[in-house]
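J.: Sequence unavailable; structure follows:
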């Protein structure tokens, strides 16, 4: 009759228990320390170098100029055209920001106020609807057009801010950062705004 041996003999159990004790004693079951602050800052800079919110506008611009001499019309210039303007907002990381980790439990990020990062009028999108050039002079010059476009861009900037582009840019930046650091293992990500 053949004797069966137990699967774990005492001679095998002692070395396994010793290995488990060494494993626990070296702290391998503890969570690793969070990444260094420089690495966290690099991740933020990489993520937020791009704008976090964009609005597109199509502006219709009218220019008109009339002149007369002794009640006789001498000049009548009119121009109606449209132009696409893109406004991008986000966090400008040339301003300072801070990251303060407390282990893996909480990460506090202090960001600067969001701002308009670019305001671009796409000259390739110009669509002319109407033009009338009559009388003395050569018509509208480039400087006249650029002055009017710059005035419209400033109006679009104010309108974008009034419509909340900066708040939306902040919300998107916080969402992107929160998701990135929660996926990295942090339990909570909080934000403060540097004023």
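T.: Good, I have the coordinates. Every value quoted in this text rests on a predicted model; they were computed, and no experiment measured them.
J.: hey, let's count contacts and neighbours off CA atoms from now on
T.: Fine.
J.: Next, the contact list for residue 157, please.
T.: 87, 116, 119 (C-alpha atoms under 8 Å, 6 or more residues apart in numbering).
J.: Most neighbours of all those, which one?
T.: The most crowded member of the contacts of residue 157, judged by other C-alpha atoms under 10 Å, is residue 87 (22 neighbours).
J.: Any idea what that one is bridged to?
T.: Counting by DSSP bridges, residue 87 forms beta bridges with residue 55, residue 119.
J.: now it: how far from residue 154?
T.: Remark: distance between residue 87 and residue 154 (C-alpha to C-alpha, to the nearest Å) = 11 Å.
J.: Dump the contacts of residue 157 to TSV, plus pLDDT.
T.: Listed next are these as TSV, based on pLDDT from 0 to 100:
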residue	pLDDT
87	94
116	93
119	92
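J.: In CSV, list those along with distance to residue 100.
T.: Listed next are the contacts of residue 157 as CSV, based on distance: C-alpha to C-alpha, whole Å:
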residue, distance to residue 100
87, 32
116, 26
119, 33
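J.: For the residue positioned nearest the centre of the chain, give its distance to residue 193.
T.: By C-alpha atoms, centre = their mean, the chain has its centre lying nearest to residue 52, at 2.0 Å. To residue 193, residue 52 is 16 Å away according to C-alpha to C-alpha.
J.: hmm, back to that, was I right about the residue nearest to the centre of the chain contacting residue 87?
T.: No. Contact between residue 52 and residue 87 fails when scored by C-alpha atoms under 8 Å: they sit 11.0 Å apart.
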